[in-house]
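S.K.: From the sequence below, what's the structure:
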Amino acid sequence: MIYNIYDFGAKGDSLTDDTDSLQQAIDKCSFEGGGIVLVDDGTFKVGTIYFKDDVTIEVGIRGKIIAQTERHFYKDDTHHQMYTRETHMDKCLFFAKECKNIGLTGRGEIDGCGSEFKKFRPMLFRYLDCENIRITNIKLRNPASWTNAFIGCNNIWVDGIDIKSRANNNGDGLDFDGCENVFVSNCKFDCSDDCICLQNSYFDRVCKNIVVTNCIFSSRWAGMRIGLLSCGPIEFLTVSNCIFSNIDCSGLKIQSAEGSNVSHMTFTNLVMNNVQRPIFMTANKFREKTNTETAIETPSVISDMTFSNIISRSYDKNKQLLVENQPSCIVLDCEGDNTISDIVIKNVTMQTYGKQDSPFLNDYSKIPTHSNIRGECKNYHGNLPASALFARNIKNLHYSGLQISEKHKTHNKDICII
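M.R.: Residues are numbered from 1 along each chain as shown. I've put the predicted structure just below:
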């Protein structure tokens, strides 16, 4: 069955509030056994919308949904952000809780009007404890913060979507928190923050079984982040056949910070152009989860990672770095009693920037750590003493077929392992 939003009193004139019309269509569709809610031939302005079981929202090629920008259009019962110090991101435009068999599709567009938000910045979509989610072909634009947050969800298919999220900071594309069985393919991302993030705010769940393939990433931060929010395990991921372009921070950012395991992952057939760091990996202790007072007592662990068949260039066509005075090499850095082990890097071609010598060339003991702080490259306060690979406190590191060329020669080593 198809339920047209116009049949429920919608105006589609970009001015009238069409929240009730869209919600009534969703409610009736679900109550009568499910189907498609069609949003087409107009621009529909809405506040918080609730998904219901067995409903797919289809935004047609001539359809557009835009966000209300005043606080009173956003509900308070849509869960909350899982990172500490980010309560301004608690609200959301679309919310699904304990829903099954839901979807979002169409060749139209959903616009979060993110540049119009200042004090509070709602997410575009939040899915909590849902099962069987399918998102295809849709254009998602200008969220005020994250585009999609999936929390404790199972069986998620995302294919052929186009996300442009540069209207504000924290403009993540797809965030999977404690999710299982996730498939992402043929997507395009242009984000101000992580394009895809795998994380785990649960102490008693595993984020696992993730496939990412045939995607294109661009970001002011990371192409893909794995971890940081890492209370429980994150494991069994494969990433293949992807292109990373114009990434200010890192193509792949892999971090265990809250005393859990990040493990069993492969990354293969990747091309990175104008990416500051192809890989940035840290294991330390720093609490990220909101409303959690317990100390981190167990070591943070990263293990069993393979990176193969990667071509990377760390500078742009004008031979400039995106961020000066920060490392442009692969970084693997483990601190204290935490562990990074069993890392394989093979068949990697790197065109690195060089130019500036590291302030730590003559004394590696002065290289700063990520002790009791969030693991970020800016913590080093300068370039590391390696042009291609810096590794500290890594167990069972294997590398082969690493081809390195420097645009500007320095006194740094190509590879520095301490």
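S.K.: going forward, measure contacts and count neighbours with C-alpha atoms only.
M.R.: Noted.
S.K.: mind listing what the closest residue to Arg107 other than its chain neighbours touches?
M.R.: Excluding the flanking residues, the one nearest Arg107 by CA to CA, 6 or more residues apart in numbering is Ile61, at 4.6 Å. Applying CA atoms under 8 Å, 6 or more residues apart in numbering to Ile61 gives the contacts 40-41, 106-109.
S.K.: Now a ChimeraX select for only the buried ones of these.
M.R.: Command for ChimeraX that selects the buried part of the contacts of Ile61, burial taken from 16 or more other CA atoms under 10 Å:
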select :40,41,106,107,108,109
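S.K.: what's the burial count for the closest residue to Tyr74 other than its chain neighbours?
M.R.: Closest residue to Tyr74 apart from its sequence neighbours, by CA to CA, 6+ apart: Thr48 at 5.1 Å. Neighbour count of Thr48, defined by other CA atoms under 10 Å: 23.
S.K.: quick one: contacts for Thr48?
M.R.: By CA under 8 Å, 6+ apart, the contact set of Thr48 is 19, 73-75, 92-95.
S.K.: of those residues, closest to Glu258?
M.R.: Among the contacts of Thr48, Cys92 lies closest to Glu258 (CA to CA), at 26.4 Å.
S.K.: quick one: that closest one and Pro122 touch, right?
M.R.: Yes: taking CA atoms under 8 Å as the definition, Cys92 is a contact partner of Pro122 at 4.5 Å.
S.K.: I figured Thr78 was touching Cys92, is that so?
M.R.: Yes: assessed by CA under 8 Å, Thr78 is found in contact with Cys92 at 6.8 Å.
S.K.: Neighbour count: these two, which is higher?
M.R.: Per other CA under 10 Å, whichever of Thr78 and Cys92 has more neighbours is Cys92, with 32 against 21.
S.K.: hey, what's that one bridged with?
M.R.: Beta-bridge partners for Cys92, by DSSP bridges, are Met123.
S.K.: What distance do you get for it to Tyr127?
M.R.: Distance of Cys92 to Tyr127, computed by CA to CA, to the nearest Å: 10 Å.
S.K.: Overlap of the contact sets of those two?
M.R.: In contact with both Cys92 and Tyr127: no residue, using CA under 8 Å, 6+ apart.
S.K.: How many neighbouring residues does Thr266 have?
M.R.: Thr266 has 16 nearby residues by other CA under 10 Å.
S.K.: Grab the nearest non-local neighbour of Ser256.
M.R.: Take Ser256 and drop its neighbours on the chain: the residue closest to it by CA to CA, 6+ apart is Ala283, 4.9 Å away.
S.K.: Enumerate every residue touching Ser250.
M.R.: With CA under 8 Å, 6+ apart, Ser250 has these contacts: 221-223, 275-280.
S.K.: Ramachandran coordinates for it?
M.R.: Here is the backbone geometry of Ser250 (degrees, to the nearest 10): phi -150, psi 140.
S.K.: in the sheet, who's paired with it?
M.R.: Applying DSSP bridges, one finds that Ser250 bridges with Ala222.
S.K.: Now do it, the pLDDT please.
M.R.: Per-residue pLDDT puts Ser250 at 97.
S.K.: So Gly112 versus Ser165, what's the distance?
M.R.: Here Gly112 is placed at a distance of 9 Å from Ser165 (CA to CA).
S.K.: Quickly list what's touching both of the two.
M.R.: 141-143.
S.K.: Out of the contacts of Thr48, the closest to Asp194 would be?
M.R.: Of those, the one sitting nearest to Asp194 (CA to CA) turns out to be Cys92, at 18.3 Å.
S.K.: Could I get the contacting residues of the closest one?
M.R.: 48, 74-75, 78, 122-126.
S.K.: May I see those residues organised as JSON lines, with distance to Ile243 and pLDDT added?
M.R.: Below are the contacts of Cys92 laid out as JSON lines (distance: CA to CA, whole Å; pLDDT from 0 to 100):
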{"residue": "Thr48", "distance to Ile243": "34", "pLDDT": "98"}
{"residue": "Tyr74", "distance to Ile243": "36", "pLDDT": "98"}
{"residue": "Lys75", "distance to Ile243": "38", "pLDDT": "97"}
{"residue": "Thr78", "distance to Ile243": "34", "pLDDT": "97"}
{"residue": "Pro122", "distance to Ile243": "29", "pLDDT": "96"}
{"residue": "Met123", "distance to Ile243": "26", "pLDDT": "96"}
{"residue": "Leu124", "distance to Ile243": "25", "pLDDT": "98"}
{"residue": "Phe125", "distance to Ile243": "25", "pLDDT": "98"}
{"residue": "Arg126", "distance to Ile243": "27", "pLDDT": "98"}
